[in-house]
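A.B. asks: Got a predicted structure here, sequence first:
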Amino acid sequence: MDRPFIFINSAMSADGKLSTKERKQVKISGKLDFERVDELRAQADAIMVGIGTVLADDPSLTVKSPERKAARKIAGKNENPVRIIVDSAARIPLDADIFKKGEGLRIIAVSNSAPAEKIKSLGEKALVIKTGDLKVDLGGLVAKLKEMGINTLMVEGGATLNWGMLSVGLVDEVYTFVGNLIIGGKTAPTFVDGEGFTEAELSGLELLSAEKIEEGILLRWKVKGKIN
Ligand SMILES: NC(=O)c1ccc[n+]([C@@H]2O[C@H](COP(=O)([O-])OP(=O)(O)OC[C@H]3O[C@@H](n4cnc5c(N)ncnc54)[C@H](O)[C@@H]3O)[C@@H](O)[C@H]2O)c1
Ligand SMILES: Nc1nc(=O)c(N)c(NC[C@H](O)[C@H](O)[C@H](O)COP(=O)(O)O)[nH]1
């Protein structure tokens, strides 16, 4: 299936958590890693997160650096990449920051279970793509994104969407910034939540680089697929 190049970039604590057991956002990245993330966003055609991230963090998913935004405009692009929310039941609030901050196309990916009324309201703020029955069909979504000319897709999380993408083999590379803190908690979101692989389904990685950034370490992996 023709699809964009897709990479995940998330930050996790030394014990593998994305946020606290209350799903409260934790500042895991330092200044330099947030700069790196801003550069990744500026280079991407689109950024995607799950609705859990929107409900927890209310992110804008915008490019922050004025220089990076200007460079995008000079290259004939919008100052922000396309911003995509995976949201089966169309739960995203109409006053979410992603609709208020920054210019550029927003896409809400919903499933057939989403209420028609909400889809209609969202249609005034975003392009709504409907694919999948109970949850979004991620393969169908990324194929549609490719058709729209999106060639590089950055997935920022959260824990369940990272699983959703990895479990159906849609991720080419995984970047994780491991921060210098412990979050703990059996119910805290990890880098990859969801159902989990069986031993037969374990996914292998090839280490591309390991780099100290301030007090943390950036690991970059190429996804190799099943190891058994
Ligand atoms: N540290 C980081 O880099 C980082 C990045 C993003 C989010 N987070 C944190 O992660 C938490 C949110 O993670 P989460 O797991 O609750 O939510 P999520 O952002 O991963 O959204 C998952 C939701 O997306 C929807 N969805 C629809 N179709 C799907 C599919 N096919 N596969 C998977 N999901 C599908 C479902 O409603 C699902 O519950 C928050 O606490 C946030 O602060 C941290
Ligand atoms: N790289 C990274 N390091 C972190 O320490 C952290 N907590 C996140 N979390 C990612 C999540 O998507 C956040 O909600 C947005 O990064 C919010 O920032 P924006 O408003 O989008 O600029 N991401």
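C.D. replies: Yep, it's here. Ligands and ions are numbered 1, 2, ... in the order given.
A.B. asks: So residue 84 belongs to a helix, correct?
C.D. replies: No: Residue 84 is assigned strand when assessed by DSSP: H, G, I helix; E, B strand; the rest coil, not a helix.
A.B. asks: Restricting the selection to alpha carbons, write whichever helix in the chain runs longest to CSV.
C.D. replies: The single longest helix within the chain, with elements called by DSSP state H, is helix 31-43. Once non-C-alpha atoms are left out, helix 31-43 reads as follows in CSV (Å, rounded to 0.1, in the frame of the first residue of the first chain):
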residue,chain,number,x,y,z
LYS,A,31,15.2,22.9,26.0
LEU,A,32,17.4,21.3,23.4
ASP,A,33,15.2,18.3,22.8
PHE,A,34,12.1,20.5,22.4
GLU,A,35,14.2,22.4,19.8
ARG,A,36,14.8,19.1,18.1
VAL,A,37,11.1,18.3,18.1
ASP,A,38,10.3,21.7,16.7
GLU,A,39,12.7,21.0,13.8
LEU,A,40,11.2,17.6,13.2
ARG,A,41,7.7,19.2,13.1
ALA,A,42,9.0,21.9,10.7
GLN,A,43,10.4,19.2,8.3
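A.B. asks: same for it, what does it pack against?
C.D. replies: The contact analysis (3 or more CB pairs under 8 Å, 6 or more residues apart in numbering; DSSP states H and E) places helix 31-43 against strand 5-12, helix 66-74, strand 152-157, strand 173-178, strand 203-213, strand 216-226. (C-beta placed from N, C-alpha, C; glycine too.)
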